[in-house]
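1. I would like the atomic coordinates for the input below:
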Amino acid sequence: MIESKFLKQKTMKQHHQSINLNSNVKIKKKVIIFINKVLITAIISLALLISFKLSPEFKSLFNQHVYTESFPFAKVKELYQKYFGSTLTDTSSKDDQAVFSEKLTYDSQSVYHDGVALSVTSNYMIPNINSGIVVFIGEKENYGKTVIVQQLDGVDVWYGNVDTVNVKMYDYVEQGALLGEVVDNTLYVAFQKEGNFVNYKEYLT
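-> Sure thing, here's the model as predicted:
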């Protein structure tokens, strides 16, 4: 009887030790993954800085393709997640997205410059059409304060005439997430692919 009790206690102790060991292994793996991500980011940053220093032509090309043209941030994020897992920080607010998940609704539409003007309710809360990354927040001629989301399919969607903005630069925003509110009752939307505006009817449902 005493021997059986002793064996039981020994088994329980071994079980707890096994759980603690597995927990420590998981923590170590997470730390190693985090360090690897930091090192990869640092190496890429250093490589870019050295390239800028050594080659003014490279710096010019980098500025042209990243700032002047439409850089595929969404595709880069998708590739990064595929090979390295989630990003170091995800600035999107999951709580807000869980509370607000809507579809774009409007009363009427009319052609407006490179896109479309949508008649919406006063102080309409703007839902994101498709998942992507916020690549611009600021003033655009004819559109006022504008939020641009680069969707995972590579299409840049302009949301213009925005008053209150609910997102930040480089936030990852899910489909239906809240972007902000319109100034009055008109929302401007335009679609851009590979630097060219495309017919909104192909993307607006």
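2. for the chain, what spans make up the strands?
-> Along the chain, the stretches classed as strands by DSSP state E are 108-112, 115-119, 125-127, 132-140, 144-151, 155-160, 162-165, 172-173, 178-182, 186-193, 196-198.
3. I'd like to know which elements the last one is packed against.
-> Other helices and strands packing on strand 196-198, by 3 or more CB pairs under 8 Å, 6 or more residues apart in numbering; DSSP states H and E, are strand 186-193. Where you see a C-beta, it was placed from the backbone N, CA and C, and this is true even at glycine.
4. Please name the strands paired to the strand it packs on in the sheet, noting orientation.
-> Applying DSSP bridges to the sheet, strand 186-193 is found paired with strand 115-119 (antiparallel), strand 155-160 (antiparallel), strand 196-198 (antiparallel).
5. re the thing from before, could you check the strands of the chain and tell me which one is nearest residue 50?
-> Taking CB to CB, strand 132-140 is the member of those nearest to residue 50, at 25.9 Å.
6. Can you tell me how far residue 197 is from residue 37?
-> Separation of residue 197 from residue 37 (CB to CB, to the nearest Å) stands at 36 Å.
7. scratch that, residue 152
-> Residue 152 is 21 Å from residue 37, by CB to CB.
8. cool, and residue 181?
-> 35 Å.
9. ditto for residue 57
-> Using CB to CB, we find residue 57 at a distance of 30 Å from residue 37.
10. more neighbours, these two?
-> With neighbours defined as other CB atoms under 10 Å, residue 57 and residue 37 compare such that residue 37 has more, 16 against 9.
11. Would you mind measuring from the more buried one to residue 171?
-> Per CB to CB, residue 37 is found 19 Å from residue 171.
12. what does residue 164 give?
-> 15 Å.
13. same question, residue 201
-> Taking CB to CB, one finds residue 201 at 28 Å from residue 171.
14. With residue 185 instead?
-> Where residue 171 is concerned, residue 185 sits at a distance of 26 Å (CB to CB).
15. Looking at those two, which has the bigger crowd around it?
-> Counted by other CB under 10 Å, residue 185 and residue 171 do not tie: residue 171 has more neighbours, with 20 against 15.
16. list the contacts for the residue nearest to residue 197 when sequence neighbours are not counted?
-> When the adjacent residues along the chain are set aside, residue 197 lies closest to residue 114, with 4.0 Å between them (CB to CB, 6 or more residues apart in numbering). Taking CB atoms under 8 Å, 6 or more residues apart in numbering as the criterion, residue 114 is in contact with 190, 192, 197.
17. quick one, what contacts the first one?
-> The neighbourhood of residue 190, defined by CB under 8 Å, 6+ apart, consists of 113-116, 143, 157-158, 160, 197, 200.
18. dump the residue contacts of residue 173.
-> 92, 97, 128, 131-134, 149, 167, 179.
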